[in-house]
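*Asks:* next come a sequence and a model predicted from it.
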2 protein chains.
Amino acid sequence: MPRKPAHQTVGRRDILKAAALIFQQRGYHGATMAEIAMQIGLTAGSLYHHFPGGKQDLLVAVLNEGLDVVLEQVDAIMLQPLSPADMLRQMIEAQIMSVTENLAAGAAMVFESRTLLEIPAARESFVRRRDTFEQCYRQVIERGIACGDFREVDVPIFTKTLLGAHNWVSVWYRPNGRLDGAQIAARMADTWLAALRP
Amino acid sequence: MPRKPAHQTVGRRDILKAAALIFQQRGYHGATMAEIAMQIGLTAGSLYHHFPGGKQDLLVAVLNEGLDVVLEQVDAIMLQPLSPADMLRQMIEAQIMSVTENLAAGAAMVFESRTLLEIPAARESFVRRRDTFEQCYRQVIERGIACGDFREVDVPIFTKTLLGAHNWVSVWYRPNGRLDGAQIAARMADTWLAALRP
DNA sequence: ACAATAATCAAATAATGGTTTGATTGTTCA
DNA sequence: TGAACAATCAAACCATTATTTGATTATTGT
């Protein structure tokens, strides 16, 4: 039975990259399928061949895959035998680098999670994994407090504070600014560890 | 010359409140004029009597007036004779309280500033005032470093970190949560001052 | 070579939703 | 009372845009 995809054609990855970019620039509702398609030299209708679910499908994929990138790294870090301070520093670096290296997806995660939450089919799994991510930060901080490496703080609030600051990086970061992602990550890690000094 | 508005009718304030709420819930592009109007028992067309500029006009007004509230308070704080630490604490409280007490406008500021930036007529003045606000935080921190009350930090990055965390409050704050605005403000101020300890 | 299918497009479809218009209602004040 | 006007509505208008449909083109395995 003969068939097989051609290869001089666009792939799923290209489309998601284009979608993330347009979502970043115009927001989900402001983005048009035509804009996304044009980004990679297609017409709007063609996108439905790759993503039968249309615009919603694109959003779900962009956000889910964006979350995956960071979640995988954080999971790996949590398995290593590190001090709370070192573990926290690595998690911060992983998140900030991931945002600065994939700005469009990062911004879409910040601005359009709300929109995804209104898509019942995607909602539950997304929320669960997003919460898991937050739990990782909380656990490391709690562990640091328990062993006396960190001072006592209100862990839920401290975590929200940290996450808000990290998310916001996707709003102000500019690829050709004074600092690169690694330098920003280092400074932010310094801030949080200073705040946690006993 | 006889005229005079009736009084059992909606005022500018009511409309902006409704608009902020719908912008918060659906985002600017996702919000419909009909939804906003219905919130206060009007029809979509009637909104044009109060805001001839339509939907854009509503966004501009919501964001500008939201920014005013916080800017006025911060300006007043900057004039007082306070130590850098006390001044910073008061600014943090003013901002967080303002967000928690006016959640819809706060969220709109976070999520829809981008949209406003695409409205040339409103852009410049908004950006200028937003930058002024950021400068206030920078100055206080710089002053604290200069007089040795604060340790040396990368002021631009520290400021963005702080602003990101504060903005994010409008995303996760819930009016009937464990802590009220004042308590959250106190904890966040503790975090920043701890991070700035020499 | 050819049948099957992946990838694409152009054009039609169908809503949706911002904005305009003209009429209606009620209030104000001279 | 009545002229003038603010506030509102219902319905029309119009543009935009997600999605569907029916070709068309290329590629691939047999």
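*Replies:* Nice, thanks for sending it over.
*Asks:* what strand or helix carries residue A:134?
*Replies:* Taking DSSP states H and E as the definition, residue A:134 sits inside helix A:120-146.
*Asks:* can you mark which positions in that helix are buried?
*Replies:* Across helix A:120-146, burial judged by 16 or more other C-beta atoms under 10 Å in any protein chain shown covers A:122, A:126, A:130, A:133, A:136, A:137, A:140, A:141, A:142, A:144, A:145. All C-beta atoms are positioned from the backbone trio N, CA, C, and that covers glycine.
*Asks:* quick one, what contacts the residue nearest to the first one when sequence neighbours are not counted?
*Replies:* Read that as residue A:122. Take residue A:122 and drop its neighbours on the chain: the residue closest to it by C-beta to C-beta, 6 or more residues apart in numbering or on different chains is residue A:60, 4.4 Å away. Applying C-beta atoms under 8 Å, 6 or more residues apart in numbering or on different chains, we find residue A:60 in contact with A:53, A:116, A:119, A:121, A:122, A:126.
*Asks:* now the residue in chain A positioned nearest to DNA strand D: how far from residue A:17?
*Replies:* DNA strand D sits closest to residue A:54 of chain A, with a gap of 2.4 Å, by C-beta to the nearest atom of the strand. Distance of residue A:54 to residue A:17, computed by C-beta to C-beta, to the nearest Å: 18 Å.
*Asks:* can you check residue A:190 too?
*Replies:* Distance from residue A:190 to residue A:17, by C-beta to C-beta: 32 Å.
*Asks:* residue A:165 now?
*Replies:* In terms of C-beta to C-beta, residue A:165 sits 26 Å off from residue A:17.
*Asks:* those two: who's more crowded?
*Replies:* Using other C-beta atoms under 10 Å in any protein chain shown, the more surrounded residue of residue A:165 and residue A:17 is residue A:165, with 25 against 18.
*Asks:* pretty sure that one contacts residue B:158?
*Replies:* No. Using C-beta atoms under 8 Å, residue A:165 and residue B:158 do not qualify as a contacting pair, with a distance of 9.8 Å.
*Asks:* any residues in contact with both of these two?
*Replies:* By C-beta under 8 Å, 6+ apart, no residue touches both residue A:165 and residue B:158.
*Asks:* tell me which element the residue nearest to residue A:122 falls in.
*Replies:* Going by DSSP H and E, residue A:60 is part of helix A:54-79.
*Asks:* mind listing what's buried in that helix?
*Replies:* A:55-64, A:66-67, A:69-71, A:73-74, A:77.
*Asks:* contact partners for residue A:130?
*Replies:* A:67, A:113.
*Asks:* next: the one 3 residues further on.
*Replies:* Taking C-beta under 8 Å, 6+ apart as the criterion, residue A:133 is in contact with A:67, A:70, A:71, A:74.
*Asks:* just say helix, strand or coil for residue A:175.
*Replies:* Three-state call for residue A:175 (DSSP: H, G, I helix; E, B strand; the rest coil): coil.
*Asks:* element containing the nearest residue to residue A:39 once chain neighbours are set aside, please.
*Replies:* Of all residues not flanking residue A:39 in the chain, residue A:18 sits nearest, at 3.7 Å (C-beta to C-beta, 6+ apart). Assigned by DSSP H and E, residue A:18 belongs to helix A:12-26.
*Asks:* next up, the contacts around residue A:185.
*Replies:* With contact set as C-beta under 8 Å, 6+ apart, residue A:185 has these partners: A:92, A:93, A:95, A:96, A:97.
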